[in-house]
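Asks: Predicted model and sequence below, questions to follow.
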Amino acid sequence: MLPLTEWRAARLAALSAPDGWLNLVARIELAPGRYAVGAAQEVQLPSGPDLLGTLDLSARDTTFSRPGGAPEPFQPVPDAFPHLRVDPFLLEIHTVDGIPALRVRDLTLTRSVNLRFYPEAPAWIIRARWESFAPQVSEVEMKDGSTAAVTLTHRATFQHHGQTVTLTPTHWKSGKPMFVFRDATAGETYPACRFLFGEDATETEITLDFNRAISPPCAFTDYAICPLPPPGNILPFRIEAGELAP
C-alpha cells in the first residue's frame, strides 16, 4: 500500500481529475434510440452549445456525432463506464440495473475540494479474518431510494472491545472488496455511509485500514448513485479514522 500521505494525495488527484466527481453536471436516463443533445435540445444539457451533437444509444454500442461529423464510439474504461470526450464535456454511458443514462462532466469547471481527515489512527489498521461463502444474491438500498442486486461472497471479521464485528463487502473494484459502512461518527463523516477497500487479502486474512475510509461519490455531487450500507455494516461505535465529511 502507498504511505498514507501519498494515498491522500492520490485520493485528491482522483477526485479532481477530468473523470472525477467534482465536475459532474447531469445524469439523464435514456431508452435506446437517437437523441439530439445540447443546451436547447431533447436531451438538454445545463450549458454548452445549443446543439452539441447526436447520441445513438443501443444495447450493442453507443456513438456520438458532432454536427456534420462522423459517429465516434464511446471508449471502454477499466473499472468504469464507457466515455467519450466531446469538448467542453466528457460524456459517459452510466448503466445501473440495465438502465442506461448519459452522465455529463463539464471540463471547464474548476475542480477543487478541501478534504479533511481524522488524525492518523494506527489502532484502526486491522488485520481481519477473511472468509468466503457460497454466493448469495442480495438487495442493497441506494441513496436515491432505489435498490440494486449484488452478489455477496465474503465476510471480514474482527474484535472490537470484546465484541465480534462482521463486515460484508457488497461491491468490488480493481479486484478489491468494497465495504459500505456507517458508524457512530456519521454527521462528522458523511452521514449516509463511507467506503473502505480491503487490502492485502489472502485466503484467510485481509487488512482493513480505516484511515483510508472515504466519503462516497454522492458526498460530492447530486448526480452520483451510491449504495447504502447493508444492516450488518451499520456499526454502533465510533471509528475516528479516515475521511471527514467534505
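Replies: Now that the structure is in, tell me what you want to look at.

Asks: all contacts plus neighbour counts: C-alpha atoms, from now on.
Replies: Fine.

Asks: in the host helix or strand of residue 5, what counts as buried?
Replies: Using DSSP states H and E, residue 5 sits in helix 4-16. In terms of neighbour count (16 or more other CA atoms under 10 Å), helix 4-16 has its buried residues at 8, 15, 16.

Asks: Tell me if I'm right that the last one and residue 22 touch.
Replies: So that's residue 16. Yes: using CA atoms under 8 Å, residue 16 is in contact with residue 22, at 6.2 Å.

Asks: Would you mind grabbing the residues shared as contacts by these two?
Replies: Common neighbours of residue 16 and residue 22, counting by CA atoms under 8 Å, 6 or more residues apart in numbering, are 111, 112, 113.

Asks: In ChimeraX, how would I select just the buried ones from the residues you listed?
Replies: Per 16+ other CA under 10 Å, the buried members of the shared contacts of residue 16 and residue 22 correspond to this ChimeraX selection:
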select :111
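
Asks: packing partners for the strand ranked longest in the chain?
Replies: Criterion DSSP state E: the longest strand present in the chain is strand 125-141. Taking 3 or more CA pairs under 8 Å, 6 or more residues apart in numbering; DSSP states H and E as contact, the helices and strands that strand 125-141 lies on are strand 147-160, strand 205-209.

Asks: Which of these sits closest to residue 235?
Replies: Closest to residue 235 of those is strand 147-160 (CA to CA; 10.8 Å).

Asks: how far does the closest one sit from the chain's center?
Replies: In terms of CA atoms, centre = their mean, to the nearest Å, the gap separating the centre of strand 147-160 from the centre of its chain is 17 Å.

Asks: and that strand, what does it pack onto?
Replies: strand 125-141, strand 163-167.

Asks: Just after the shortest one, pick out the following helix or strand.
Replies: Downstream of strand 163-167, the first helix or strand assigned by DSSP H and E is strand 171-173.

Asks: Quick check: next helix or strand after that following strand?
Replies: strand 176-181.

Asks: Could you measure from the closest residue to residue 76 other than its chain neighbours over to residue 240?
Replies: The shortest distance from residue 76 to any non-neighbouring residue, by CA to CA, 6 or more residues apart in numbering, is to residue 82 (4.4 Å). From residue 82 over to residue 240 the distance is 36 Å, taken as CA to CA, to the nearest Å.

Asks: Same check on residue 138?
Replies: In this view, residue 138 and residue 240 are 29 Å apart by CA to CA.

Asks: cool, and residue 103?
Replies: On the measure of CA to CA, residue 103 and residue 240 end up 34 Å apart.

Asks: about what we covered before: sheet-wise, list the partners of the longest strand of the chain with their directions.
Replies: Taking DSSP bridges as the criterion, strand 125-141 forms sheet pairs with strand 147-160 (antiparallel), strand 205-209 (antiparallel).

Asks: Alpha carbons of the shortest one, in CSV - could you do that?
Replies: Once non-C-alpha atoms are left out, strand 205-209 reads as follows in CSV (Å, rounded to 0.1, in the frame of the first residue of the first chain):
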residue,chain,number,x,y,z
GLU,A,205,-6.9,-12.6,6.3
ILE,A,206,-7.4,-9.1,5.0
THR,A,207,-6.3,-5.6,6.0
LEU,A,208,-9.0,-3.1,6.9
ASP,A,209,-7.2,0.3,7.2
